[in-house]
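Enquirer: Output the structure for:
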Amino acid sequence: MRRRSPRRCGAIAALSVALLLSSCSPGGTVVEGAAGSGGLGDPLFPKLGNGGYHVSHYGLDLRYDVAQRHLDGTAAITAKAGADLRSFQLDLQGMTVTGVRVDGADAGFSRKGHKLVVRPAAGIGKGKVFRTTVHYRGTPQEMRDADGASEGWVKTADGAFVAGEPAGSMTWFPGNNHPSDKAAYDFSITVPRRYTAVANGELRAKRTAGGWTTYEWHSAEPMASYLATATIGTFDVQESRTPQGLPLYVAVDPKEAEASRKPLARLPEILGWATELFGPYPFSSAGAIVDHTPARVDWVALETQTKPIYAGAPDTVTVVHETAHQWFGDSVTPKSWRDTWLNEGFATYAEWLWEEREGGDSPQDRFDALYDSDEDHARWEFPPGTPDTAADVTGQPVYERGAMVLQQLRNAVGDKAFFSILKEWPAKYRHAGADTDDFIAFCQDRTDEDLTDLFDDWLYGDGQPEWEYDAA
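Expert: Have a look, this model is predicted:
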(Lines give C-alpha, C1' and ligand atoms only; values in the text may rest on other atoms or scores of the structure.)
Protein backbone atom coordinates (compact mmCIF):
# COMPACT_ATOMS: atom_id res chain seq x y z
CA MET A 1 0.00 0.00 0.00
CA ARG A 2 1.05 3.59 -0.59
CA ARG A 3 -0.38 6.50 1.36
CA ARG A 4 -0.83 9.97 -0.09
CA SER A 5 1.33 11.22 2.76
CA PRO A 6 2.58 8.67 5.32
CA ARG A 7 1.34 9.68 8.73
CA ARG A 8 0.39 8.39 12.12
CA CYS A 9 -2.97 9.40 13.49
CA GLY A 10 -3.02 10.65 17.06
CA ALA A 11 -6.44 9.24 17.86
CA ILE A 12 -6.86 5.53 17.20
CA ALA A 13 -10.33 4.59 16.03
CA ALA A 14 -11.53 1.06 16.66
CA LEU A 15 -12.49 -1.01 13.66
CA SER A 16 -15.96 0.11 12.62
CA VAL A 17 -18.12 -2.92 13.30
CA ALA A 18 -21.89 -3.07 13.45
CA LEU A 19 -23.37 -5.08 16.31
CA LEU A 20 -25.73 -7.50 14.58
CA LEU A 21 -27.61 -10.11 16.56
CA SER A 22 -29.66 -12.82 14.87
CA SER A 23 -29.91 -16.56 15.05
CA CYS A 24 -31.21 -19.59 13.25
CA SER A 25 -31.01 -23.23 14.27
CA PRO A 26 -31.83 -26.42 12.38
CA GLY A 27 -32.71 -28.21 15.61
CA GLY A 28 -31.65 -29.00 19.15
CA THR A 29 -29.19 -31.80 18.43
CA VAL A 30 -26.17 -31.73 20.72
CA VAL A 31 -22.96 -31.80 18.68
CA GLU A 32 -19.69 -32.76 20.30
CA GLY A 33 -16.34 -31.12 19.65
CA ALA A 34 -14.64 -27.80 20.23
CA ALA A 35 -15.95 -24.36 19.43
CA GLY A 36 -13.59 -22.78 16.91
CA SER A 37 -12.17 -19.57 18.27
CA GLY A 38 -13.10 -16.11 17.04
CA GLY A 39 -9.85 -14.20 16.55
CA LEU A 40 -6.36 -15.52 15.99
CA GLY A 41 -4.67 -13.33 18.58
CA ASP A 42 -2.90 -11.13 16.07
CA PRO A 43 -0.79 -8.65 18.08
CA LEU A 44 -2.40 -5.66 16.32
CA PHE A 45 -5.81 -7.05 15.29
CA PRO A 46 -6.59 -9.79 17.82
CA LYS A 47 -10.23 -10.21 16.76
CA LEU A 48 -9.51 -10.77 13.06
CA GLY A 49 -9.44 -14.30 11.72
CA ASN A 50 -10.73 -17.48 13.33
CA GLY A 51 -9.30 -20.71 14.68
CA GLY A 52 -10.14 -24.37 14.16
CA TYR A 53 -9.85 -24.63 10.39
CA HIS A 54 -7.83 -23.64 7.33
CA VAL A 55 -9.51 -22.44 4.13
CA SER A 56 -8.27 -23.81 0.82
CA HIS A 57 -10.78 -22.23 -1.58
CA TYR A 58 -13.41 -19.48 -1.78
CA GLY A 59 -16.08 -19.56 -4.47
CA LEU A 60 -17.79 -16.16 -4.48
CA ASP A 61 -20.96 -15.68 -6.52
CA LEU A 62 -21.93 -12.00 -6.41
CA ARG A 63 -24.68 -9.97 -8.06
CA TYR A 64 -24.46 -6.20 -7.58
CA ASP A 65 -27.13 -3.70 -8.57
CA VAL A 66 -25.12 -0.49 -8.96
CA ALA A 67 -28.09 1.88 -8.90
CA GLN A 68 -29.63 0.30 -5.79
CA ARG A 69 -26.25 -0.47 -4.17
CA HIS A 70 -27.58 -3.92 -3.39
CA LEU A 71 -25.42 -7.04 -3.26
CA ASP A 72 -26.67 -10.63 -3.32
CA GLY A 73 -23.90 -13.03 -2.46
CA THR A 74 -23.20 -16.71 -2.04
CA ALA A 75 -19.86 -17.79 -0.59
CA ALA A 76 -18.85 -21.44 -0.91
CA ILE A 77 -15.91 -21.97 1.44
CA THR A 78 -13.84 -25.16 1.37
CA ALA A 79 -11.81 -25.72 4.53
CA LYS A 80 -10.04 -28.40 6.56
CA ALA A 81 -10.77 -28.80 10.25
CA GLY A 82 -7.80 -28.48 12.59
CA ALA A 83 -9.75 -30.01 15.48
CA ASP A 84 -13.03 -31.77 16.18
CA LEU A 85 -15.49 -28.90 15.73
CA ARG A 86 -19.02 -28.44 17.01
CA SER A 87 -18.98 -24.83 15.74
CA PHE A 88 -16.72 -22.37 13.97
CA GLN A 89 -16.68 -18.69 13.10
CA LEU A 90 -16.34 -16.53 9.99
CA ASP A 91 -15.71 -12.80 9.70
CA LEU A 92 -18.56 -10.84 8.09
CA GLN A 93 -19.42 -7.23 8.84
CA GLY A 94 -22.90 -6.00 7.97
CA MET A 95 -25.03 -7.79 5.36
CA THR A 96 -27.99 -10.03 6.18
CA VAL A 97 -27.31 -13.76 6.27
CA THR A 98 -30.28 -15.69 4.89
CA GLY A 99 -28.96 -19.23 5.20
CA VAL A 100 -25.94 -21.39 5.96
CA ARG A 101 -25.28 -24.98 4.91
CA VAL A 102 -22.38 -27.25 5.82
CA ASP A 103 -21.76 -30.19 3.49
CA GLY A 104 -25.24 -29.73 2.06
CA ALA A 105 -27.11 -29.74 5.38
CA ASP A 106 -28.73 -26.70 6.97
CA ALA A 107 -26.60 -25.29 9.78
CA GLY A 108 -27.47 -23.06 12.67
CA PHE A 109 -25.87 -19.63 12.81
CA SER A 110 -25.80 -16.50 14.93
CA ARG A 111 -24.34 -13.02 14.53
CA LYS A 112 -22.47 -10.82 16.97
CA GLY A 113 -20.42 -7.89 15.73
CA HIS A 114 -18.37 -9.03 12.75
CA LYS A 115 -18.52 -12.71 13.71
CA LEU A 116 -20.78 -15.25 12.04
CA VAL A 117 -20.94 -18.32 14.29
CA VAL A 118 -21.85 -21.51 12.40
CA ARG A 119 -23.19 -24.61 14.15
CA PRO A 120 -23.23 -27.63 11.80
CA ALA A 121 -25.97 -30.19 12.19
CA ALA A 122 -23.26 -32.85 12.67
CA GLY A 123 -19.81 -32.48 14.16
CA ILE A 124 -16.80 -31.95 11.90
CA GLY A 125 -13.95 -34.34 12.65
CA LYS A 126 -10.34 -33.22 12.83
CA GLY A 127 -8.71 -33.41 9.42
CA LYS A 128 -12.04 -33.44 7.55
CA VAL A 129 -12.41 -31.25 4.48
CA PHE A 130 -15.82 -29.57 4.63
CA ARG A 131 -17.75 -27.06 2.53
CA THR A 132 -19.71 -24.16 4.01
CA THR A 133 -22.17 -22.21 1.89
CA VAL A 134 -23.33 -18.81 3.13
CA HIS A 135 -26.15 -16.89 1.44
CA TYR A 136 -26.26 -13.18 2.22
CA ARG A 137 -27.54 -9.88 0.92
CA GLY A 138 -27.67 -6.17 1.64
CA THR A 139 -25.82 -2.93 1.04
CA PRO A 140 -22.11 -3.49 1.66
CA GLN A 141 -20.50 -0.67 3.58
CA GLU A 142 -17.03 0.81 3.58
CA MET A 143 -15.26 0.89 6.90
CA ARG A 144 -12.67 3.07 8.54
CA ASP A 145 -9.52 1.32 9.60
CA ALA A 146 -7.53 2.19 12.69
CA ASP A 147 -5.68 5.13 11.12
CA GLY A 148 -8.89 6.61 9.70
CA ALA A 149 -8.50 5.48 6.08
CA SER A 150 -11.39 4.12 4.02
CA GLU A 151 -11.41 0.46 3.02
CA GLY A 152 -13.77 -2.36 2.18
CA TRP A 153 -16.59 -1.81 -0.32
CA VAL A 154 -16.28 1.90 -1.14
CA LYS A 155 -19.11 3.36 -3.24
CA THR A 156 -18.02 5.32 -6.31
CA ALA A 157 -20.04 7.32 -8.81
CA ASP A 158 -20.15 4.33 -11.16
CA GLY A 159 -19.80 1.27 -8.96
CA ALA A 160 -17.52 0.24 -6.13
CA PHE A 161 -13.83 0.51 -5.30
CA VAL A 162 -13.05 -2.67 -3.34
CA ALA A 163 -9.86 -2.84 -1.25
CA GLY A 164 -9.24 -4.78 1.92
CA GLU A 165 -6.16 -3.81 3.95
CA PRO A 166 -6.24 -4.70 6.74
CA ALA A 167 -9.81 -5.82 7.45
CA GLY A 168 -12.09 -4.61 4.65
CA SER A 169 -12.72 -7.92 2.87
CA MET A 170 -15.28 -8.87 5.52
CA THR A 171 -17.55 -6.06 4.31
CA TRP A 172 -18.39 -8.07 1.17
CA PHE A 173 -17.74 -11.76 1.81
CA PRO A 174 -17.51 -14.07 4.85
CA GLY A 175 -14.15 -15.67 5.49
CA ASN A 176 -11.15 -16.25 7.69
CA ASN A 177 -10.01 -12.65 7.53
CA HIS A 178 -6.33 -12.86 8.46
CA PRO A 179 -3.22 -12.91 6.25
CA SER A 180 -1.98 -16.15 7.78
CA ASP A 181 -4.80 -18.15 6.10
CA LYS A 182 -4.38 -18.05 2.31
CA ALA A 183 -6.60 -19.74 -0.24
CA ALA A 184 -7.43 -19.98 -3.94
CA TYR A 185 -10.41 -17.97 -5.24
CA ASP A 186 -13.04 -18.14 -7.95
CA PHE A 187 -15.31 -15.16 -8.55
CA SER A 188 -18.57 -14.96 -10.50
CA ILE A 189 -19.64 -11.31 -10.50
CA THR A 190 -22.84 -10.20 -12.21
CA VAL A 191 -23.40 -6.50 -12.87
CA PRO A 192 -25.63 -4.38 -15.15
CA ARG A 193 -24.30 -4.76 -18.68
CA ARG A 194 -22.74 -1.29 -18.99
CA TYR A 195 -20.37 -2.02 -16.10
CA THR A 196 -17.18 -4.07 -15.80
CA ALA A 197 -16.34 -6.25 -12.79
CA VAL A 198 -12.63 -6.88 -12.17
CA ALA A 199 -11.22 -9.41 -9.72
CA ASN A 200 -7.96 -11.23 -9.10
CA GLY A 201 -6.42 -13.74 -11.45
CA GLU A 202 -7.56 -14.46 -14.99
CA LEU A 203 -10.87 -13.77 -16.72
CA ARG A 204 -12.22 -17.19 -17.66
CA ALA A 205 -15.61 -16.19 -19.08
CA LYS A 206 -17.85 -13.22 -19.82
CA ARG A 207 -21.50 -13.59 -20.80
CA THR A 208 -24.44 -11.18 -21.11
CA ALA A 209 -28.13 -12.00 -20.76
CA GLY A 210 -31.20 -9.99 -19.81
CA GLY A 211 -29.29 -6.76 -19.39
CA TRP A 212 -26.73 -8.22 -16.98
CA THR A 213 -23.14 -9.32 -17.60
CA THR A 214 -21.37 -12.01 -15.58
CA TYR A 215 -17.58 -12.00 -15.23
CA GLU A 216 -15.88 -15.19 -14.07
CA TRP A 217 -12.39 -14.80 -12.60
CA HIS A 218 -10.04 -17.55 -11.43
CA SER A 219 -7.15 -17.00 -9.01
CA ALA A 220 -5.33 -20.29 -8.48
CA GLU A 221 -2.39 -19.21 -6.34
CA PRO A 222 -2.99 -18.82 -2.58
CA MET A 223 -4.15 -15.34 -1.61
CA ALA A 224 -4.73 -13.56 1.69
CA SER A 225 -8.25 -12.19 2.08
CA TYR A 226 -7.10 -8.56 2.27
CA LEU A 227 -5.66 -8.86 -1.25
CA ALA A 228 -8.97 -9.86 -2.87
CA THR A 229 -10.99 -7.39 -4.94
CA ALA A 230 -14.24 -7.23 -6.91
CA THR A 231 -14.03 -3.67 -8.20
CA ILE A 232 -16.93 -2.52 -10.38
CA GLY A 233 -17.10 0.49 -12.69
CA THR A 234 -17.05 1.83 -16.22
CA PHE A 235 -13.52 0.96 -17.30
CA ASP A 236 -11.45 1.11 -20.44
CA VAL A 237 -9.93 -2.38 -20.60
CA GLN A 238 -6.75 -3.41 -22.37
CA GLU A 239 -5.59 -7.01 -22.55
CA SER A 240 -2.06 -7.79 -23.74
CA ARG A 241 1.05 -9.80 -22.90
CA THR A 242 4.53 -8.91 -21.78
CA PRO A 243 7.47 -9.80 -24.06
CA GLN A 244 7.88 -12.90 -21.87
CA GLY A 245 4.26 -13.95 -22.53
CA LEU A 246 2.70 -12.99 -19.17
CA PRO A 247 -0.98 -12.02 -19.62
CA LEU A 248 -1.84 -8.43 -18.64
CA TYR A 249 -5.30 -7.07 -17.85
CA VAL A 250 -5.47 -3.32 -17.27
CA ALA A 251 -8.76 -1.58 -16.38
CA VAL A 252 -8.77 2.23 -16.17
CA ASP A 253 -11.58 4.64 -15.37
CA PRO A 254 -11.89 7.00 -18.38
CA LYS A 255 -11.44 10.02 -16.08
CA GLU A 256 -7.97 8.71 -15.15
CA ALA A 257 -6.95 7.40 -18.57
CA GLU A 258 -4.78 10.25 -19.83
CA ALA A 259 -2.79 10.66 -16.61
CA SER A 260 -2.34 6.88 -16.30
CA ARG A 261 -1.16 6.19 -19.83
CA LYS A 262 2.59 6.70 -19.50
CA PRO A 263 3.09 5.04 -16.10
CA LEU A 264 1.03 1.98 -17.07
CA ALA A 265 2.80 1.72 -20.41
CA ARG A 266 5.94 0.94 -18.43
CA LEU A 267 4.33 -1.97 -16.55
CA PRO A 268 5.87 -4.67 -18.81
CA GLU A 269 9.29 -3.04 -18.38
CA ILE A 270 8.83 -2.82 -14.61
CA LEU A 271 7.79 -6.47 -14.41
CA GLY A 272 10.87 -7.51 -16.39
CA TRP A 273 13.17 -5.42 -14.20
CA ALA A 274 11.59 -6.77 -11.00
CA THR A 275 11.92 -10.34 -12.24
CA GLU A 276 15.65 -9.83 -12.74
CA LEU A 277 15.97 -8.57 -9.15
CA PHE A 278 13.48 -10.73 -7.26
CA GLY A 279 13.27 -13.91 -9.32
CA PRO A 280 10.40 -15.40 -11.34
CA TYR A 281 7.10 -13.55 -11.20
CA PRO A 282 4.99 -15.52 -8.70
CA PHE A 283 1.59 -15.46 -10.44
CA SER A 284 0.07 -16.49 -13.75
CA SER A 285 -1.06 -12.99 -14.76
CA ALA A 286 -0.56 -9.33 -13.93
CA GLY A 287 -2.25 -6.01 -14.51
CA ALA A 288 -3.74 -2.95 -12.84
CA ILE A 289 -7.04 -1.35 -11.84
CA VAL A 290 -7.21 2.47 -11.84
CA ASP A 291 -10.44 3.89 -10.43
CA HIS A 292 -11.75 7.40 -9.92
CA THR A 293 -12.43 7.44 -6.20
CA PRO A 294 -14.04 9.84 -3.71
CA ALA A 295 -11.75 12.32 -1.99
CA ARG A 296 -12.22 10.51 1.33
CA VAL A 297 -10.12 7.61 -0.01
CA ASP A 298 -6.93 9.12 1.34
CA TRP A 299 -4.44 6.55 0.12
CA VAL A 300 -2.86 5.96 -3.25
CA ALA A 301 -2.76 2.23 -4.02
CA LEU A 302 -3.02 -1.29 -2.66
CA GLU A 303 -1.19 -4.41 -3.81
CA THR A 304 -4.29 -6.48 -4.63
CA GLN A 305 -2.95 -9.77 -5.93
CA THR A 306 -2.16 -9.85 -9.68
CA LYS A 307 -3.79 -6.43 -10.23
CA PRO A 308 -2.74 -3.59 -7.91
CA ILE A 309 -5.61 -1.19 -7.40
CA TYR A 310 -5.00 2.56 -7.67
CA ALA A 311 -7.32 5.19 -6.20
CA GLY A 312 -6.43 7.50 -9.09
CA ALA A 313 -3.83 7.75 -11.82
CA PRO A 314 -0.51 6.45 -10.43
CA ASP A 315 2.96 7.75 -11.10
CA THR A 316 5.65 5.34 -12.26
CA VAL A 317 7.26 4.96 -8.83
CA THR A 318 3.92 3.91 -7.35
CA VAL A 319 3.57 1.25 -10.06
CA VAL A 320 7.05 0.02 -9.10
CA HIS A 321 6.06 -0.09 -5.41
CA GLU A 322 2.88 -2.11 -5.99
CA THR A 323 4.57 -4.40 -8.49
CA ALA A 324 7.28 -5.24 -5.96
CA HIS A 325 4.52 -6.21 -3.53
CA GLN A 326 3.57 -9.10 -5.79
CA TRP A 327 6.72 -10.79 -4.43
CA PHE A 328 6.82 -9.10 -1.01
CA GLY A 329 3.41 -9.16 0.63
CA ASP A 330 1.35 -11.09 -1.91
CA SER A 331 3.41 -14.21 -2.63
CA VAL A 332 5.33 -14.00 0.68
CA THR A 333 2.61 -12.88 3.07
CA PRO A 334 3.21 -11.79 6.67
CA LYS A 335 2.10 -14.23 9.34
CA SER A 336 0.78 -11.34 11.41
CA TRP A 337 0.08 -7.64 10.88
CA ARG A 338 3.07 -6.83 13.08
CA ASP A 339 5.30 -8.11 10.24
CA THR A 340 4.04 -5.56 7.69
CA TRP A 341 7.48 -4.00 7.34
CA LEU A 342 8.36 -7.14 5.34
CA ASN A 343 5.84 -5.88 2.79
CA GLU A 344 6.42 -2.15 2.87
CA GLY A 345 10.14 -2.05 3.60
CA PHE A 346 10.88 -4.18 0.54
CA ALA A 347 8.46 -2.27 -1.71
CA THR A 348 9.95 1.05 -0.61
CA TYR A 349 13.46 -0.26 -1.20
CA ALA A 350 12.35 -1.33 -4.69
CA GLU A 351 11.43 2.34 -5.29
CA TRP A 352 14.95 3.35 -4.27
CA LEU A 353 16.50 0.80 -6.64
CA TRP A 354 14.28 1.96 -9.50
CA GLU A 355 15.10 5.62 -8.95
CA GLU A 356 18.81 4.80 -9.06
CA ARG A 357 18.21 2.88 -12.30
CA GLU A 358 16.53 5.98 -13.71
CA GLY A 359 19.55 8.14 -12.92
CA GLY A 360 18.44 9.39 -9.51
CA ASP A 361 19.88 9.00 -6.03
CA SER A 362 21.33 5.71 -4.88
CA PRO A 363 19.67 3.80 -2.01
CA GLN A 364 22.55 4.94 0.22
CA ASP A 365 21.85 8.55 -0.77
CA ARG A 366 18.19 8.06 0.14
CA PHE A 367 19.16 6.47 3.45
CA ASP A 368 21.54 9.34 4.28
CA ALA A 369 18.96 11.98 3.43
CA LEU A 370 16.34 10.37 5.66
CA TYR A 371 18.79 9.83 8.49
CA ASP A 372 20.06 13.42 8.42
CA SER A 373 16.69 15.12 7.88
CA ASP A 374 15.60 17.59 10.54
CA GLU A 375 12.20 18.16 8.95
CA ASP A 376 10.33 14.95 9.68
CA HIS A 377 10.92 12.78 12.73
CA ALA A 378 7.85 10.55 12.27
CA ARG A 379 10.03 7.73 10.92
CA TRP A 380 11.56 7.34 14.38
CA GLU A 381 8.26 7.25 16.32
CA PHE A 382 8.27 3.46 16.75
CA PRO A 383 10.44 0.53 15.63
CA PRO A 384 9.21 -1.03 12.36
CA GLY A 385 9.54 -4.55 13.78
CA THR A 386 7.23 -3.83 16.73
CA PRO A 387 4.43 -1.42 15.79
CA ASP A 388 2.45 -0.84 18.96
CA THR A 389 -1.09 -0.29 17.72
CA ALA A 390 -3.41 -1.03 14.82
CA ALA A 391 -2.92 2.55 13.61
CA ASP A 392 0.81 1.89 13.22
CA VAL A 393 0.42 -0.89 10.66
CA THR A 394 0.80 1.64 7.83
CA GLY A 395 2.88 4.16 9.77
CA GLN A 396 5.89 5.92 8.30
CA PRO A 397 8.50 3.80 10.13
CA VAL A 398 7.09 0.64 8.52
CA TYR A 399 7.89 2.10 5.08
CA GLU A 400 10.93 4.33 5.42
CA ARG A 401 12.73 2.81 8.36
CA GLY A 402 11.82 -0.63 7.00
CA ALA A 403 13.72 0.24 3.82
CA MET A 404 16.56 1.64 5.91
CA VAL A 405 16.85 -1.75 7.65
CA LEU A 406 17.44 -3.31 4.23
CA GLN A 407 20.09 -0.75 3.32
CA GLN A 408 21.90 -1.47 6.57
CA LEU A 409 21.65 -5.18 5.81
CA ARG A 410 23.18 -4.51 2.40
CA ASN A 411 26.04 -2.60 4.02
CA ALA A 412 26.63 -5.45 6.46
CA VAL A 413 26.59 -8.44 4.10
CA GLY A 414 27.76 -6.84 0.83
CA ASP A 415 26.05 -6.53 -2.51
CA LYS A 416 26.51 -10.13 -3.64
CA ALA A 417 24.83 -11.63 -0.58
CA PHE A 418 22.22 -8.88 -0.41
CA PHE A 419 20.99 -9.26 -3.96
CA SER A 420 20.96 -13.03 -3.49
CA ILE A 421 18.67 -12.48 -0.50
CA LEU A 422 16.33 -10.40 -2.67
CA LYS A 423 15.83 -13.48 -4.87
CA GLU A 424 16.16 -16.34 -2.43
CA TRP A 425 13.79 -14.96 0.23
CA PRO A 426 10.69 -14.83 -2.05
CA ALA A 427 11.72 -18.16 -3.60
CA LYS A 428 11.88 -19.98 -0.26
CA TYR A 429 8.54 -18.63 1.00
CA ARG A 430 6.74 -18.50 -2.36
CA HIS A 431 2.95 -18.53 -1.81
CA ALA A 432 3.46 -18.96 1.93
CA GLY A 433 3.59 -16.94 5.14
CA ALA A 434 6.68 -15.68 6.94
CA ASP A 435 7.49 -13.44 9.87
CA THR A 436 10.36 -11.27 11.02
CA ASP A 437 12.07 -14.10 12.91
CA ASP A 438 12.03 -16.14 9.70
CA PHE A 439 13.67 -13.28 7.82
CA ILE A 440 16.38 -12.68 10.43
CA ALA A 441 17.27 -16.37 10.53
CA PHE A 442 17.24 -16.51 6.72
CA CYS A 443 19.68 -13.59 6.47
CA GLN A 444 21.93 -14.84 9.25
CA ASP A 445 22.33 -18.19 7.48
CA ARG A 446 23.73 -16.39 4.45
CA THR A 447 26.58 -14.50 6.06
CA ASP A 448 29.40 -14.95 8.55
CA GLU A 449 28.64 -11.48 9.94
CA ASP A 450 26.78 -11.29 13.25
CA LEU A 451 23.58 -9.39 12.41
CA THR A 452 22.20 -9.27 15.96
CA ASP A 453 23.09 -5.63 16.68
CA LEU A 454 21.89 -4.49 13.26
CA PHE A 455 18.40 -5.88 13.72
CA ASP A 456 18.25 -4.96 17.41
CA ASP A 457 19.04 -1.33 16.61
CA TRP A 458 17.27 -0.77 13.30
CA LEU A 459 14.30 -3.09 13.53
CA TYR A 460 13.54 -3.14 17.23
CA GLY A 461 15.34 -0.17 18.79
CA ASP A 462 13.44 2.87 20.02
CA GLY A 463 14.21 6.24 18.52
CA GLN A 464 16.87 7.07 15.97
CA PRO A 465 19.76 4.57 16.12
CA GLU A 466 23.26 5.93 16.41
CA TRP A 467 25.13 5.32 13.21
CA GLU A 468 28.06 6.61 11.19
CA TYR A 469 28.63 5.38 7.65
CA ASP A 470 32.11 4.16 6.82
CA ALA A 471 32.57 4.48 3.07
CA ALA A 472 35.57 2.14 3.27
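
Enquirer: residues in contact with stretch 239-255?
Expert: Here stretch 239-255 makes contact (CB atoms under 8 Å, 6 or more residues apart in numbering) with 158, 196, 198, 202-203, 231, 233-238, 260, 264, 267-268, 271-272, 275, 281, 284-292, 307. In short, each C-beta sits where N, CA and C put it, glycine included.

Enquirer: Counting residues, which helix of this protein comes out longest?
Expert: helix 341-357 (DSSP state H).

Enquirer: How far off centre is that helix?
Expert: Here the centre of helix 341-357 is set off from its chain's centre by 17 Å, with CA atoms, centre = their mean, to the nearest Å.

Enquirer: Check stretch 404-420 too.
Expert: For stretch 404-420, the distance to the chain centre is 26 Å (CA atoms, centre = their mean).

Enquirer: cool, and stretch 302-309?
Expert: Its chain's C-alpha centre and that of stretch 302-309 lie 8 Å apart, by CA atoms, centre = their mean.

Enquirer: Tell me the buried residues in that stretch?
Expert: Judged by neighbour count using 16 or more other CB atoms under 10 Å, the buried positions of stretch 302-309 are 302-309.

Enquirer: likewise stretch 376-384?
Expert: For stretch 376-384, using 16+ other CB under 10 Å, the buried residues are 379-384.

Enquirer: pLDDT of it, averaged?
Expert: For stretch 376-384, the mean pLDDT works out to 92.

Enquirer: So the closest residue to K155 other than its chain neighbours versus T156, what's the distance?
Expert: In this structure, K155 finds its nearest non-sequential neighbour in R69, 6.4 Å apart by CB to CB, 6 or more residues apart in numbering. For R69, the distance to T156 equals 11 Å [CB to CB, to the nearest Å].

Enquirer: Can you get me a residue count around D415?
Expert: If you count neighbours by other CB atoms under 10 Å, D415 ends up with 9.

Enquirer: do the same with A311
Expert: Neighbour count of A311, defined by other CB under 10 Å: 26.

Enquirer: do the same with E32
Expert: If we define neighbours as other CB under 10 Å, then E32 has 9 of them.

Enquirer: What of D435?
Expert: 15.

Enquirer: Repeat that for the one 4 residues further on.
Expert: By other CB under 10 Å, 24 other residues sit near F439.

Enquirer: ok, it to A224 distance?
Expert: From F439 to A224 the distance is 18 Å (CB to CB).

Enquirer: now F455
Expert: For F455 relative to A224 (CB to CB), the value is 25 Å.

Enquirer: Comparing those two, which residue is more hemmed in?
Expert: Legend: neighbour count by other CB under 10 Å for F455 and A224, higher for A224 (24 against 20).

Enquirer: residues in contact with that one?
Expert: If you count contacts by CB under 8 Å, 6+ apart, A224 has them with 178-182, 305, 330, 333.
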